[in-house]
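Student: I would like the atomic coordinates for the input below:
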Amino acid sequence: MDKSIVLIGFMGAGKTTAGELAARKLNTGFIDIDLEIEKEFGMPTTDIFKKHGEKAFRTYEKNIIESKCTEKRQVISLGGGAFMDEGTRRTCLDSTIVIFLDISWEAWKKRYELLVDTRPVLQDRDLDEIKGLYSKRRVLYADHHYSILVDDLTPDETADKIVELYLHSGKKN
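Tutor: Residues are numbered from 1 along each chain as shown. Have a look, this model is predicted:
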C-alpha cells in the first residue's frame with residue numbers, strides 16, 4: 001500500500017495528535033499542512049491571516065496539499081478549512097485515502113476554550129457563528145473514504161482506528 005492518508009475534520013477533532021501517533025504506528029512520515037505553511041511564512045497561522053489574509057493562506061494551502069498528496073506513505077493532517085476548496089477535495093480523494101475524524105457539536109464545544117486562541121477562524125465569532133461554520137464544513141467532510149467518530153476516543157484509540165482503516169483499504173485494492 002503506497003497511498004498516503006489524509007485526515008480531514010473540523011478544527012480540534014484531533015487530526016494532528018492522532019495523525020502523528022498513526023504515522024509512528026505505521027512507520028511513515030507525518031505532515032501537518034498548517035505547520036508547513038507556518039514554516040514557509042515564518043509565523044503562526046493567526047498572524048498569517050492577519051498580515052496576508054485568508055485568501056493568501058488558502059492559495060498556499062492548496063498548492064502545498066497538491067504537492068504533498070503525491071508523496072507515498074505519509075499521514076497528512078489538513079487544516080479544518082482546506083476541504084472547502086473543490087480542487088483540494090478532488091486531489092485528496094483521487095490520490096490518497098481520506099479519513100474524516102468526525103466530532104459531534106456537543107463534544108467539540110467541550111474543546112472550544114482550548115482552541116479559540118490558536119484558530120484564526122474562531123477569532124471574533126460567537127458560538128452560533130461557529131456552529132454555522134461547523135455545519136457548513138460537515139457537508140464538505142461527507143466526501144471521504146472512511147470516517148471515525150472521535151467523541152469518546154483517546155488520541156491513541158483514534159490512531160489505532162486510522163491504522164486499521166488504512167490496512168483494511170490496502171486489502172481492497
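Student: hmm, who's touching the top helix by length along the chain?
Tutor: Across the chain, the helix with the greatest residue count (assigned by DSSP state H) is helix 155-172. With CB atoms under 8 Å, 6 or more residues apart in numbering as the test, helix 155-172 has contacts from 1, 3, 5, 7, 14, 17-19, 21-22, 24-26, 75, 97, 99, 101, 145-146, 148, 150, 153. Just so you know, the C-beta spots here come from the backbone N, C-alpha and C atoms, and that holds for glycine as well.
Student: Stretch 129-145 now?
Tutor: 8-10, 80-81, 83-84, 89, 93, 97-100, 102, 105, 108, 112, 121-122, 125, 169.
Student: Give me the neighbour count for Thr70.
Tutor: Residues lying near Thr70 (other CB atoms under 10 Å) number 11.
Student: next structured bit after the lowest-mean-pLDDT helix or strand in the chain?
Tutor: Ranking every helix and strand in the chain by mean pLDDT, DSSP states H and E puts helix 112-115 at the bottom, with a mean of 66. Using DSSP states H and E, the helix or strand that follows helix 112-115 in sequence is helix 127-141.
Student: what does the following helix or strand past that following helix contact?
Tutor: Sequence order places strand 146-149 as the next helix or strand after helix 127-141, per DSSP H and E. For strand 146-149, the surrounding residues in contact (CB under 8 Å, 6+ apart) are 97-104, 158, 161-162, 165, 169.
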